[in-house]
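Novice: Model the structure of this input:
(chains A and B)
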Amino acid sequence: MMRNLVPILTVVATLFVLWYSAAIALNAPWARDQAARAGQELGFSALVAETWSQDKPKLPAPHQVAAEIWKTTGAMVLAGRGFSKRSLFYHSWITFSATALGFVLGTALGVSLAIGIVYNRTMDMSVMPWVIASQTIPILAIAPMIIVVLNAVGISGLLPKAMISMYLSFFPVVVGMVKGLRSPGAMQVDQMRTWNASPAQTFWRLRLPSSMPYLFTSLKIGMAASLVGAIVGELPTGAVAGLGARLLAGSYYGQTIQIWSALIMAATLAAALVGIIGLVQRITLKRMGMS
Amino acid sequence: MGWLVFGAVVWAAGWWINSRLSHRPKTRLTSLLVPVIFGLTLVVIWESLVRGLDISPILLPPPTAIAATFAKSTDILWQDFVQTALKGALSGYVIGCGAAFLIAVAIDRFPFLQRGLLPVGNFVAALPIIGMAPILVMWFGFDWQSKAAVVVVMVFFPMLVNTVQGLQDTDAMQRDLMRTYAAGYWKTLLKLRLPAAMPFIFNGLKIATTLALIGAIVAEFFGSPIKGMGFRISTSVGQLALDLVWAEIVVAAIVGSGFYGAMALIEKAVTFWHPSQRGRT
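Specialist: Residues are numbered from 1 along each chain as shown, chains lettered A, B, ... in the order given. A predicted model of the protein is given here:
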């Protein structure tokens, strides 16, 4: 871990340097234009200062984004309005609830499909190819339609977004669980048979435990996919709340700083959610004696 | 009511045929036939449910109506296909995967960069990169260039991570053998490490196909000229012309599966030696 720390920090630092210099390059034309109109000549240091502090820059500098995030999270909590509609916590919560619901539904669907596929030969041959084919279809593209249609039937709010998340997250779970449930070797299955174990016992005592490492790996992928689904699900309906809605509103009004802060917030949310699953994975596998 | 009974009968018949077929020894024909029958029964059930339950075509058009719209508006669909799939997705795919591949080979020479970039790349690959779409549309304008840019950003990291992992997939014994042959860096790279990396590279390429199409379509929600699949979907939803939307989805499905299938075929030709490809008929 320590061995990797220095290289990682170097890479991250390089990214920041690149970001700052890109901000200068991208925002310079506007800054020069403004200066020319005011009849001024910009020196290099003045140019840099100007490019890093515009109101609607093409690329906001990291400290501007950080300031915006602080303004819409920490500062609002301090002011006692942590869940007002301007707070990013509020929007993250909206997105998170859709993500979590979709993730739970998707995992349930994925696990039950996987059990069916492993135990039923007909299902294995007819459903499995379609599960794979379903992911080559760019499902996100029909996200707007699903939402509009469900709205028309009177289902609105959380569920339509969660359906999209579910569709995106069930696939990694199916594939991982099928692999996991089939991972016990013939020797182990035979051993269960010599113990006169019923199919249910074989499932609970052998197949399910040995599928755990596979399950957690797929859960991480599924969670990330689920968040993407929830964000995209918020785009088309002109949703008023959620990180996706913040992105859309920001792009309508050219509020780049707002877009970037929503983006960073989404990234943090993704990292936190995947991190939590990783933690559960470590604890579970350790108690099962598998890690 | 008649339609519902019909649907149930077709479902039962399809399932019966499939369960008979799947309990026979597996051949190439049955492993193709079973999923096809399953898909067909699903379509028939869809049709009979829509007709039997009198679902409004605005909510869910029956497959026959979608097929009719598809046949009627092929010119629009073709124009959208060229705009989104060829100009946006394909060019972005080629640029993104190419750049990621080259950078991965470069990184591979420096263990320091490898240790630094790989965790960062893994982290970024899990992020909702699609959120970059509005920013890139702002930078590159409404036409296909911005869509290609979104695709580049989306496919870059999965491809990078896979290629770097693949290049490490040789063991010390194999590398030592190359050394005893007096093979230099480039020779080792070309003859040993790149071929060994191919399964990983193709894994990345296959993941990237779906991402490319999604990226190009979603980027059009943030602004596009008056053609393109994403544009057509979002405006037709507004006009409640759902049959056109579904026709557009059929196009997307065909393009997506075709793209993926093409990659899988190339993979089969390139990595014929790999255990996962051997032993399959």
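Novice: residues contacting B:G96?
Specialist: If a contact means C-beta atoms under 8 Å, 6 or more residues apart in numbering or on different chains, then B:G96 has B:151-156, B:159, B:208, B:212 as its contacts. C-beta here means a position set from N, CA and C on the backbone, and glycine is covered the same way.
Novice: Is the residue in the stretch 51-200 of chain A positioned nearest to chain B within a helix or a strand, and which one?
Specialist: Going by C-beta to the nearest C-beta, chain B is nearest to A:S126 of the stretch 51-200 of chain A, at 3.6 Å. For A:S126, the host element (DSSP states H and E) is helix A:121-136.
Novice: just A:A245 next, same as before
Specialist: Element membership for A:A245 (DSSP H and E) is helix A:243-253.
Novice: returning to what we had before: now the contacts of B:G96 in CSV, with pLDDT and neighbour count?
Specialist: Formatted as CSV, those follow (pLDDT from 0 to 100; neighbours: other C-beta atoms under 10 Å in any protein chain shown):
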residue, pLDDT, neighbour count
B:V151, 90, 30
B:V152, 91, 22
B:V153, 88, 20
B:M154, 87, 27
B:V155, 89, 29
B:F156, 89, 23
B:M159, 88, 29
B:A208, 87, 27
B:A212, 87, 30
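Novice: so B:W11 touches B:V43, yeah?
Specialist: No: using C-beta atoms under 8 Å, B:W11 makes no contact with B:V43, being 11.4 Å away.
Novice: so what pLDDT did B:S91 get?
Specialist: For B:S91, the pLDDT comes out at 92.
Novice: and A:L109, how many neighbours does it have?
Specialist: 17 (other C-beta atoms under 10 Å in any protein chain shown).
Novice: okay, which residue of chain A is out on the far edge from center?
Specialist: In chain A, A:G39 marks the outermost C-alpha relative to the chain mean, sitting 47.3 Å out by C-alpha atoms, centre = their mean.
Novice: helix/strand/coil for it?
Specialist: Assigned with DSSP: H, G, I helix; E, B strand; the rest coil, A:G39 falls in the coil class.
Novice: thinking again about what came up before, same for chain A: which of the contacts of B:G96 are within range?
Specialist: When C-beta under 8 Å from any C-beta of the partner chain is applied, no member of the contacts of B:G96 is adjacent to chain A.
Novice: Pick the one among those closest to B:T235.
Specialist: In terms of C-beta to C-beta, no member of the contacts of B:G96 lies closer to B:T235 than B:V151, at 21.6 Å.
Novice: hang on, that closest one packs against B:T210?
Specialist: No: with contact defined as C-beta under 8 Å, B:V151 does not count as touching B:T210 (11.3 Å).
Novice: How is B:R24 assigned, secondary-structure-wise?
Specialist: Here B:R24 is recorded as coil under three-state DSSP.
Novice: Any idea how many residues pack against A:A272?
Specialist: Applying other C-beta under 10 Å, I find that A:A272 has 11 neighbouring residues.
Novice: My error: substitute B:F112 in the last question.
Specialist: B:F112 has 12 nearby residues by other C-beta under 10 Å.
Novice: Just give the nearest non-adjacent residue to it, would you?
Specialist: Take B:F112 and drop its neighbours on the chain: the residue closest to it by C-beta to C-beta, 6 or more residues apart in numbering or on different chains is A:P7, 5.3 Å away.
Novice: Now find how far off-centre the strand or helix carrying the one you found is within its chain.
Specialist: Assigned by DSSP H and E, A:P7 falls within helix A:2-37. Centroid separation between helix A:2-37 and its chain, computed with C-alpha atoms, centre = their mean, to the nearest Å, is 25 Å.
Novice: and what of stretch B:205-225?
Specialist: Relative to its chain's centre, stretch B:205-225 lies at 10 Å (C-alpha atoms, centre = their mean).
Novice: cool, and stretch A:180-197?
Specialist: 37 Å.
Novice: Now look at it and say if it contacts chain B.
Specialist: No: Stretch A:180-197 is not in contact with chain B by C-beta under 8 Å from any C-beta; minimum separation 14.9 Å.
Novice: Name the residues of that stretch that are buried.
Specialist: A:180-182, A:184, A:192, A:197 (16 or more other C-beta atoms under 10 Å in any protein chain shown).
Novice: will you turn these into TSV that also has secondary structure?
Specialist: Below are these laid out as TSV (three-state DSSP):
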residue	secondary structure
A:G180	helix
A:L181	helix
A:R182	coil
A:P184	coil
A:M192	helix
A:A197	coil
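Novice: Export those as CSV, with columns for pLDDT.
Specialist: Listed next are the buried residues of stretch A:180-197 as CSV, based on pLDDT from 0 to 100:
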residue, pLDDT
A:G180, 86
A:L181, 88
A:R182, 85
A:P184, 84
A:M192, 90
A:A197, 89
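Novice: Which members of those residues are the farthest-apart pair?
Specialist: Using C-beta to C-beta, the buried residues of stretch A:180-197 reach their maximum pairwise distance at A:G180 and A:A197, which is 18.7 Å.
Novice: which outside residues touch the helix holding A:A245?
Specialist: If you take C-beta under 8 Å, 6+ apart as the criterion, helix A:243-253 is touched by A:88, A:91-92, A:94-95, A:230-235, A:238-239, A:255-256, A:258-259, A:262-263, A:265-266, A:269, B:131, B:134-135, B:137-138, B:222-223.
Novice: what's the burial count for B:V5?
Specialist: 11.
Novice: Show me which positions of the strand or helix carrying it end up buried.
Specialist: Element membership of B:V5 [criterion: DSSP H and E] is helix B:2-22. Neighbour-count burial for helix B:2-22, counted by 16+ other C-beta under 10 Å, picks out B:6-7, B:10, B:14-15, B:17-19, B:21-22.
Novice: In PDB, could you pull the C-alpha coordinates for the helix or strand following the helix holding A:S126?
Specialist: Counting by DSSP H and E, the next helix or strand C-terminal to helix A:121-136 is helix A:143-153. Extracted in PDB, the C-alpha atoms of helix A:143-153 (Å, rounded to 0.1, in the frame of the first residue of the first chain):
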ATOM      1  CA  ALA A 143     -34.300   5.700 -20.400                       C
ATOM      2  CA  PRO A 144     -36.300   8.800 -21.300                       C
ATOM      3  CA  MET A 145     -39.000   6.600 -22.900                       C
ATOM      4  CA  ILE A 146     -39.300   4.400 -19.900                       C
ATOM      5  CA  ILE A 147     -39.700   7.400 -17.700                       C
ATOM      6  CA  VAL A 148     -42.200   9.100 -19.800                       C
ATOM      7  CA  VAL A 149     -44.300   6.000 -20.300                       C
ATOM      8  CA  LEU A 150     -44.300   5.100 -16.600                       C
ATOM      9  CA  ASN A 151     -45.200   8.700 -15.900                       C
ATOM     10  CA  ALA A 152     -48.200   8.400 -18.200                       C
ATOM     11  CA  VAL A 153     -49.400   5.300 -16.400                       C
END
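Novice: Mark out where each domain of chain A begins and ends.
Specialist: The record's domain split for chain A, according to automatic domain parsing, is A:2-59, A:88-287.
Novice: re earlier: could I get the contacts of B:G96 as CSV with secondary structure?
Specialist: Formatted as CSV, the contacts of B:G96 follow (three-state DSSP):
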residue, secondary structure
B:V151, helix
B:V152, helix
B:V153, helix
B:M154, helix
B:V155, helix
B:F156, helix
B:M159, helix
B:A208, helix
B:A212, helix
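Novice: Going by distance to B:T64, which of the residues you listed wins?
Specialist: Checking the contacts of B:G96 against B:T64 with C-beta to C-beta, the nearest one is B:A212 at 31.2 Å.
Novice: Quick check: the closest one touching B:Y93?
Specialist: Yes: the criterion here is C-beta under 8 Å, and B:A212 meets it with B:Y93 at 4.3 Å.
Novice: what touches both of the two?
Specialist: B:151, B:155.
Novice: and whichever strand or helix holds B:M263 with chain A, contact?
Specialist: Per DSSP H and E: B:M263 is located in helix B:242-270. Yes: using C-beta under 8 Å from any C-beta, helix B:242-270 reaches chain A at B:242, B:245, B:248-249, B:252-253, B:256-257, B:259-261.
Novice: what residues does the stretch 101-250 of chain B put near chain A?
Specialist: B:112-117, B:119-120, B:123, B:126-128, B:130-132, B:134-135, B:137-139, B:209-210, B:213-214, B:217-218, B:221-223, B:229-230, B:233-234, B:237, B:242, B:245, B:248-249.
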